Every structure is written in structure tokens, then in C-alpha cells.
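A.B. asks: Here's a sequence, model it:
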Amino acid sequence: MGGAWLKQCGLWLLPSCGRRSTRRDRREHRCRHFAEAGQLGTKIKPENLAVAQRTGLERKAIYLLALRTGLRRREVEQLRWGNCYLEALHPFIQLRAAATKSRGADRAWLHYELTDQLALWRSMQMQELECSTMSPHELVFRHPSSVDTFRLDL
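C.D. replies: Take a look at the predicted model:
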């Protein structure tokens, strides 16, 4: 059997480097095939997809907030929209003294990427609650990630 047959078959040799294919290579090929065909999204129920997208957006905002500002988990849990000044010239979060470990009311300056992510998260929450503005007393994150969830996400 010639190399053309092996190339056409696609199971024994990879045409780019001439080595035997592995399960991983075939799995990656299948993943690319499904992604290109658009068939992967059809097997997920729309309500499950919406929950997964919401959870992913929330976790991204939580992790970005923790990494960019250095806030502790407890401080992230107690953060309220009234403490977030996203529209300021230099966006920041005003930390409440009761919520911080040092009991000091500090400011945490926000990176533009984090500001955009928090604004997106706020608009998504407003759509869910069907309101035009968020209450300043409303928690930013209603379901913050636990330490176990964080470890699983790593």
C-alpha cells in the first residue's frame, strides 16, 4: 500500500510529520470537525447553555477581580455595586472598612480589562432582573466561587 492510501485513510500516518497517529490526534481532529460543522452546540439544551455562559462570565469576573486588585475571597463576596465606580475617570472600588481584614476603607484601582468585564457582568445581571439600574446595596457576585471550585477550575 502506498503513502496516498495512508494519507487518504488518515488513521495510520499523519501527512505532516510521517509519524503514527495517536488517540489524541484523532480526538483533536474530531473536535475540529464538530466545531467546524457547528454540531457541538446542537447537543446542548439552550437553558443549560445559558447557565454555563452565565457561570463562566461570573467566574471570569471574580478571578480577574481577585488577580488585578488583590482582594481576598471574603472581600469579593461582600462587594456591592454601590462600592464600584466604573464610570469614573479612573475607575476604582471603594472598599468598606467592615469588609476588609485590616478594617481600613481603601481604594482598589481597576484595570481597563476588569472595568469592561464588570460592566458586562452588571448588564447581564440587569437583564436577568429586568431592571434599568442596579441597587447600590445589591451584591456584585451572588454565587462567588468556593476554594474547591477554584481548585477544580485550575
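
A.B. asks: so after the longest helix belonging to the chain, what's the next helix or strand?
C.D. replies: Ordering each helix of the chain by length in residues (DSSP state H) puts helix 46-69 first. Downstream of helix 46-69, the first helix or strand assigned by DSSP states H and E is helix 73-77.

A.B. asks: How about the residue sitting nearest the centre point of the chain, nearest residue that isn't a chain neighbour?
C.D. replies: Compute the mean C-alpha point of the chain, and by CA atoms, centre = their mean the closest residue is K60, 3.1 Å away. Spatially, and ignoring its direct neighbours in sequence, K60 is nearest to Q117 (6.4 Å; CB to CB, 6 or more residues apart in numbering). For glycine as for every other residue, the C-beta is placed from the backbone atoms N, C-alpha and C.

A.B. asks: where exactly do the strands run in this structure?
C.D. replies: For the chain, the strands defined by DSSP state E occupy 84-85, 92-94, 107-109.

A.B. asks: Averaged pLDDT, stretch 87-102. What do you get?
C.D. replies: Across stretch 87-102, pLDDT averages out at 84.

A.B. asks: Between the two ends of it, how far is it?
C.D. replies: 27 Å (CA to CA, to the nearest Å).

A.B. asks: contacts for it?
C.D. replies: For stretch 87-102, the surrounding residues in contact (CB atoms under 8 Å, 6 or more residues apart in numbering) are 69, 71-72, 74-75, 78-80, 83-85, 103-110, 112, 115.

A.B. asks: tell me which residues of it are tucked away?
C.D. replies: Neighbour-count burial for stretch 87-102, counted by 16 or more other CB atoms under 10 Å, picks out P91, F92, I93, L95, R96, A99, T100.

A.B. asks: what's across from the nearest residue to T69 once chain neighbours are set aside in the sheet?
C.D. replies: Nearest residue to T69, sequence neighbours excluded (CB to CB, 6+ apart): A108, at 4.1 Å. Counting by DSSP bridges, A108 is bridged to I93.
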